[in-house]
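Participant: Sequence first, then the predicted structure:
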Amino acid sequence: MSQIWKLTISFFLSALLFGCGGQIHEKPIAGCERISGTPGPEDFDVIRDTSTVIVSSHERRNGLKDIGALFEISFANPKQTLVAKKIETNYPENFRPHGISYAKVKGVDTLAVISHTLVEENPHTLELFERSKTGQWKHIKTLSDPSLTSPNDIYMNESGEIFASNDNGTSSPMRKYWDMIIRSARADISYYDGNTFQTLGVPVILGNGIYIRKKGEKELLYRSVFSEKAVRIYEVNRDRGKINLKYIDSIQIGAGPDNILEDESGMLWLAGHDSTYKFIRHVMNGKNLAPTRVFKINPETKEVNEVYANEGAEISAGSTGLVYKDKLLISQVFEDFLLVCPKPSTPF
């Protein structure tokens with residue numbers, strides 16, 4: 001069975017079990033433009049020191065056979081046209097990037113990227129890249145572990161720890177389907193401490209975006225749970241090198257939440273999928289539109305504000321949204337562009 005049909009069946013079951021959605025109330029932003037040339041720009045992260053956005057790009061409509069790449073967009077010159085430039089580097093074999101996270105690890109610019117290799121022995125890997133003093137990116141390490149059952153999004157901190165959110169508890173298509181049918185929560189978080197992996201014991205049904213932010217002395221982990229249309233919040237507790245997550249609360253979004261990022265003012269941003277059914281049709285054919293919704297979350301008050309919504313004509317199946325400088329940048333799962341809009345005015 002081809003990878004695209006496996007994906008289609010998976011989302012078909014998701015539609016049956018988690019709803020098809022309906023017509024959304026559009027919230028347009030005037031003056032949006034496309035940044036073309038990035039097939040399937042599913043996720044991105046920001047390097048604020050250099051005013052650069054790094055994009056994870058992979059064409060997913062060819063049975064997942066195509067190899068992907070990373071792109072960079074410079075925001076350093078506000079008068080310059082935004083262009084996506086492919087990063088030329090020593091990419092690992094079978095590189096099909098998905099979630100991406102940037103951190104300055106021990107003083108070195110570092111990227112951690114999920115890759116779906118389609119290789120039976122290690123179907124999912126974490127690929128690490130470092131940037132030299134001359135500005136060149138270099139692939140330095142491949143990480144693999146059985147706990148990476150189906151990684152979707154990733155978060156890395158400055159100590160080199162990595163948290164990977166699995167969207168399923170297995171790589172086996174049949175077991176994935178069965179888990180959804182019986183609503184079995186098996187999608188855990190895989191944690192890498194710099195040497196070894198462990199699972200964190202917080203399985204859900206269809207995990208997605210993941211992000212960690214500090215609140216005083218506390219670390220709070222935010223995780224998108226597609227099946228709940230919510231973002232779960234956990235307190236990160238550390239004990240003798242081990243991580244324990246304490247569930248605190250959930251923030252209801254009203255759509256299937258995807259990747260999570262934080263802006264310069266401390267607000268959280270995410271894109272959400274309103275209709276699984278329309279998403280499936282978009283998987284099958286790009287002419288079929290799928291809604292894109294972008295939300296801003298105040299992590300202190302847990303207030304949610306929808307800042308952008310489109311039925312799919314402007315951008316379909318949006319996966320990441322973030323305000324950076326004076327722009328709102330929105331990525332998507334399949335088509336070959338990002339959408340960049342003027343920064344929207346919001347209540348908070």
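Facilitator: Looks like it came in fine.

Participant: what about residue 83, neighbour count?
Facilitator: Counted with other CB atoms under 10 Å, residues neighbouring residue 83 total 12. C-betas here are computed from N, CA, C, even on glycine.

Participant: Mind pulling up the pLDDT for it?
Facilitator: At residue 83, the predicted lDDT confidence score is 97.

Participant: same deal with the one 10 residues further on?
Facilitator: Residue 93 is assigned 96 on the pLDDT scale.

Participant: Identify the residues contacting the residue nearest to it when sequence neighbours are not counted.
Facilitator: In space, and not counting its chain neighbours, residue 93 is closest to residue 117: 7.6 Å by CB to CB, 6 or more residues apart in numbering. Listed by CB atoms under 8 Å, 6 or more residues apart in numbering, the contact partners of residue 117 are 93, 94, 95, 96, 123, 124, 125.

Participant: Out of those residues, the closest to residue 290 would be?
Facilitator: Nearest to residue 290 among the contacts of residue 117, counting by CB to CB, is residue 96 at 21.1 Å.

Participant: Quick check: that closest one touching residue 113?
Facilitator: No - between residue 96 and residue 113 there is no contact under CB atoms under 8 Å: 9.9 Å.

Participant: of these two, who's got more company?
Facilitator: Neighbours were counted for residue 96 and for residue 113 using other CB under 10 Å; residue 113 has more, 28 against 24.

Participant: and that one, what helix or strand is that in?
Facilitator: Using DSSP states H and E, residue 113 sits within strand 108-116.

Participant: same thing with residue 163?
Facilitator: strand 162-166.

Participant: Now do that strand: distance to the chain's middle.
Facilitator: The gap between where strand 162-166 is centred and where its chain is centred comes out at 11 Å by CA atoms, centre = their mean, to the nearest Å.

Participant: Same question for the helix or strand that contains residue 249: list its buried residues.
Facilitator: Here residue 249 sits within strand 242-252, counting by DSSP H and E. By 16 or more other CB atoms under 10 Å, the buried positions in strand 242-252 come out as 243, 245, 251.

Participant: Could you save the residues you listed as TSV and add columns showing distance to residue 302?
Facilitator: Below are the buried residues of strand 242-252 laid out as TSV (distance: CB to CB, whole Å):
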residue	distance to residue 302
243	24
245	18
251	5
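
Participant: mind putting those residues in TSV, distance to residue 58 and pLDDT included?
Facilitator: Shown next, in TSV, are these (distance: CB to CB, whole Å; pLDDT from 0 to 100):
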residue	distance to residue 58	pLDDT
243	29	92
245	29	97
251	29	98
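
Participant: picking up where we left off before, can you give the strand pairings for the strand holding residue 163, parallel or anti for each?
Facilitator: Its sheet considered, strand 162-166 pairs with strand 151-156 (antiparallel), strand 189-192 (antiparallel) by DSSP bridges.

Participant: May I have stretch 152-167 as CSV, with CA atoms only?
Facilitator: The C-alpha trace of stretch 152-167 is given here as CSV (Å, rounded to 0.1, in the frame of the first residue of the first chain):
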residue,chain,number,x,y,z
ASN,A,152,5.0,15.0,14.1
ASP,A,153,6.4,18.1,15.9
ILE,A,154,9.5,18.8,17.9
TYR,A,155,10.9,21.2,20.5
MET,A,156,14.6,21.6,21.4
ASN,A,157,16.1,23.8,24.1
GLU,A,158,19.5,25.4,24.6
SER,A,159,20.8,22.5,26.6
GLY,A,160,20.2,20.2,23.6
GLU,A,161,17.2,18.4,25.1
ILE,A,162,14.6,17.3,22.5
PHE,A,163,10.9,16.7,23.0
ALA,A,164,9.1,14.9,20.1
SER,A,165,5.3,14.7,19.9
ASN,A,166,4.1,11.5,18.3
ASP,A,167,0.8,11.6,16.5
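
Participant: Much appreciated, bye for now.
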